[in-house]
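1. Have a look; sequence and predicted model below, questions after that.
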Amino acid sequence: MVGDRTLGKIKNGLVILLGVKQNDTDNDAEFLAHKISNLRIFNDQNDRMNLSIQNVKGSALVVSQFTLCGDTRKGRRPSFMQAALPNEGNRLYECFMDKLELNEVNVKSGEFGAMMNVELVNNGPVTFVLDSDDR
C-alpha cells in the first residue's frame, strides 16, 4: 500500500523484495528472474517442495527494497553506497519484472521509491535469499 491505495495484491505466490546494487546489469535481472521462476519451493501433493511458481500458476509481488543493499559492517548506521542510483535502480526493477513475465509469471508491483506498507502471510515460514553474485 502507498497511503490508502493498494497497488499490488496477490494470493498464491511470492513476495519478492528486490535490492538493486550499483554493479547489477540486465544479465543479473535475467538470471534472477529465471532462477526464481524455476525454483522448486512450493509443496506438491506429498508436502514436499517440488513445484515452481510456474507449476502452481502463482503470482509474484515485486517490491523495490534498496535497504537490502545496506552495509552494516561498520558503525551503527547502515551505508547504502552499494545501492544503485534511483534511475538505474528503477530501470533494473522494471527489467526484472519484465523478465519474470517472460518466464510466465504473473507480476504485480509496488511503486518504486515510495514509502510502502507491505503485508504478507508467510506460508511456512519459508524465506530465501538469492544474490546474482553467487552464481
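-> Alright, I've got the coordinates. Numbering: from 1, shown residues only.

2. Would you mind measuring the gap between the ends of stretch 120-135?
-> Using CA to CA, to the nearest Å, the end-to-end distance of stretch 120-135 comes to 28 Å.

3. if you average pLDDT over that stretch, what comes out?
-> Averaged over stretch 120-135, pLDDT sits at 90.

4. how far does it sit from the chain's center?
-> A distance of 9 Å separates the centroid of the chain from that of stretch 120-135, by CA atoms, centre = their mean, to the nearest Å.

5. cool, stretch 12-30 as well?
-> Centroid separation for stretch 12-30 versus its chain: 6 Å, with CA atoms, centre = their mean.

6. Nearest residue to Leu51 in space, please, no chain neighbours.
-> Phe42 (4.1 Å; CB to CB, 6 or more residues apart in numbering). (Glycine included, C-beta is placed from N, CA and C.)

7. ditto for Asp28
-> What sits nearest to Asp28 in space, not counting adjacent residues and going by CB to CB, 6+ apart, is Ser132, at 3.8 Å.

8. residues near that neighbour, how many?
-> The number of residues packed near Ser132 is 16, by other CB atoms under 10 Å.

9. roughly how far apart are it and Asn38?
-> The gap separating Ser132 from Asn38 is 15 Å, by CB to CB, to the nearest Å.

10. just the strands in this structure please.
-> With DSSP state E as the criterion, the chain has strands at 13-18, 42-43, 49-51, 59-64, 106-109.

11. ok, back up a step: can I assume the residue nearest to Asp28 is in contact with Leu32?
-> Yes - using CB atoms under 8 Å, Ser132 makes contact with Leu32 at a distance of 5.5 Å.

12. for the longest helix seen in the chain, what is the average pLDDT?
-> The single longest helix within the chain, with elements called by DSSP state H, is helix 86-102. Helix 86-102 shows a mean pLDDT of 98.
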